[in-house]
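Peer 1: below: sequence and its predicted model.
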Amino acid sequence: MLCNPGSPTTPVPLAWCTSVRHGAGRDKHLADITFAHFEVDGSGVRTREYDPLAKGLGLQYVLRGRFSDLYVHDTAATGFGCDFLQDTIVEGVPAERCGRQDPGEKMGGAGIGIGVGGWGMVERLTITTCTATGNGTNGIFVELQQEYWPPPRGIRITACHAEDDRFGISDWGADGLLVTSSTMVGNHQAGFDVSSQGTSGVGGRGAVAGTDGWQRLQGQRVGGHPPRHTAQRRRQVARQRHIGRWTPLVSTPVPHNQVRPSALNQAPPPPSAGAAAPPDA
């Protein structure tokens, strides 16, 4: 269990190695490391204010890493918050109730949050068979860390499940993110979010999300980025609404899409201007 009794200003991740605090970089990276078969309980950490460094794991610049069968939960900030993962696999990681001190508009606060761009044009990363439930912001997301870096290709998210998060799975700055065989249900604003709300202000582009299951308030939310995204062969429920600062783009191709009425008993959208008023009861 992580805890910081008597030091409310000190975040205490289980392990961290960052560029700012430890000089991590391409030429000073962690190589051939494995974290497997243990639990990270962050419920004992309390900070006076939200601190995005109060993670479960916080490594940067990892080469040939393997993160397997980790149970991360109840962290003050992001649960699994590692950045710049090259030739790395993150598999079988349930992340629950992470980001519990995130008010909803701060950096981090996710179940699984991975910064990208540090290795250049290509980052060979696979996130698979992970579950993210009840987290403060994103269930699973990737985020470009510097606006002047090129969005990297080569990132895959497959066979994952995101539920009861603010956003289920998010692309905040990758190029050609591939999301397959994953489910995003019961999230509060969107199941799959593609936008420029991340640290760099650069949105994802060219994402392909296919053969996945979405429900109402689980559809695509796209805005603030080039409109090159494809959603294939999925169930998407009708009347998806776009809220806040995200600008919906109408040019997203959605071939073979099945649009079905909502079954979650949410209020229908308001009538368009000029529509006839319903008769009095």
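Peer 2: Looks like it arrived, so ask away.
Peer 1: show me the shaky parts of this structure.
Peer 2: 211-281 (pLDDT under 70).
Peer 1: now with 90, please.
Peer 2: Scanning the chain for pLDDT under 90 picks out the ranges 1-23, 45-53, 102-108, 190, 195-201, 203-281.
Peer 1: and the helices in it?
Peer 2: Assigned by DSSP state H, the helices in the chain fall at 19-22.
Peer 1: tell me, what residue is most central in it?
Peer 2: Among the residues of the chain, the one closest to the centroid is Phe141, at 2.0 Å (C-alpha atoms, centre = their mean).
Peer 1: which residue is the nearest non-sequential neighbour of it?
Peer 2: Spatial nearest neighbour of Phe141, excluding adjacent residues (C-beta to C-beta, 6 or more residues apart in numbering): Ser170 at 3.7 Å. In this view, the C-beta of every residue, glycine as well, is placed from N, C-alpha and C.
Peer 1: the one you found contacts Ala132, correct?
Peer 2: No - judged on C-beta atoms under 8 Å, Ser170 makes no contact with Ala132 at a distance of 10.8 Å.
Peer 1: related to what we said a few turns ago, hey, what's the residue nearest to Phe141 bridged with?
Peer 2: Taking DSSP bridges as the rule, Ser170 bridges to Phe141, Asp193.
Peer 1: give the contact list for it.
Peer 2: Listed by C-beta atoms under 8 Å, 6 or more residues apart in numbering, the contact set of Ser170 reads Asn138, Ile140, Phe141, Val142, Glu143, Phe192, Asp193, Val194, Ser195, Gly204.
Peer 1: and the first one, how many neighbours?
Peer 2: With neighbours defined by other C-beta atoms under 10 Å, the count for Asn138 comes to 31.
Peer 1: now the contacts of Ser170 in CSV, with distance to Asp175?
Peer 2: Output for these, formatted as CSV (distance: C-beta to C-beta, whole Å):
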residue, distance to Asp175
Asn138, 19
Ile140, 17
Phe141, 15
Val142, 10
Glu143, 13
Phe192, 16
Asp193, 16
Val194, 12
Ser195, 15
Gly204, 7
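Peer 1: what subset of the residues you listed is buried?
Peer 2: Asn138, Ile140, Phe141, Val142, Glu143, Phe192, Asp193, Val194, Ser195, Gly204 (16 or more other C-beta atoms under 10 Å).
Peer 1: just give me the closest of the residues you listed to Asp164.
Peer 2: Asp164 has its nearest neighbour among the buried ones among the contacts of Ser170 in Asn138, at 12.0 Å by C-beta to C-beta.
Peer 1: how about the strands in the stretch 1-150 of the chain?
Peer 2: Assigned by DSSP state E, counting those that start in this stretch, the strands in the stretch 1-150 of the chain fall at 15-17, 30-31, 34-41, 57-63, 66-73, 83-86, 88-91, 94-96, 112-116, 122-128, 131-133, 138-144.
Peer 1: strands paired with the first one, and their directions?
Peer 2: Just to be clear, that refers to strand 15-17. Strand 15-17 is paired, per DSSP bridges, with strand 57-63 (parallel).
Peer 1: quick one: the strand it pairs with to strand 34-41, angle?
Peer 2: Using axes from the mean of the first three to the mean of the last three C-alpha atoms, to 10 degrees, the direction of strand 57-63 lies 170 degrees away from that of strand 34-41.
Peer 1: ok, and what's touching strand 57-63?
Peer 2: Contacts of strand 57-63 (C-beta under 8 Å, 6+ apart): 13-19, 24-26, 28-33, 35, 40, 65, 67, 70, 72, 79-88, 115, 118-119.
Peer 1: could you tell me the angle between it and strand 112-116?
Peer 2: With the same axes, to 10 degrees applied, the angle from strand 57-63 to strand 112-116 works out at 40 degrees.
Peer 1: picking up where we left off before, among the contacts of Ser170, which one sits closest to Leu53?
Peer 2: Nearest to Leu53 among the contacts of Ser170: Glu143, at 15.3 Å, using C-beta to C-beta.
Peer 1: was I right to think the closest one contacts Gly115?
Peer 2: Yes - contact criterion C-beta under 8 Å: Glu143 and Gly115 qualify, at 5.5 Å.
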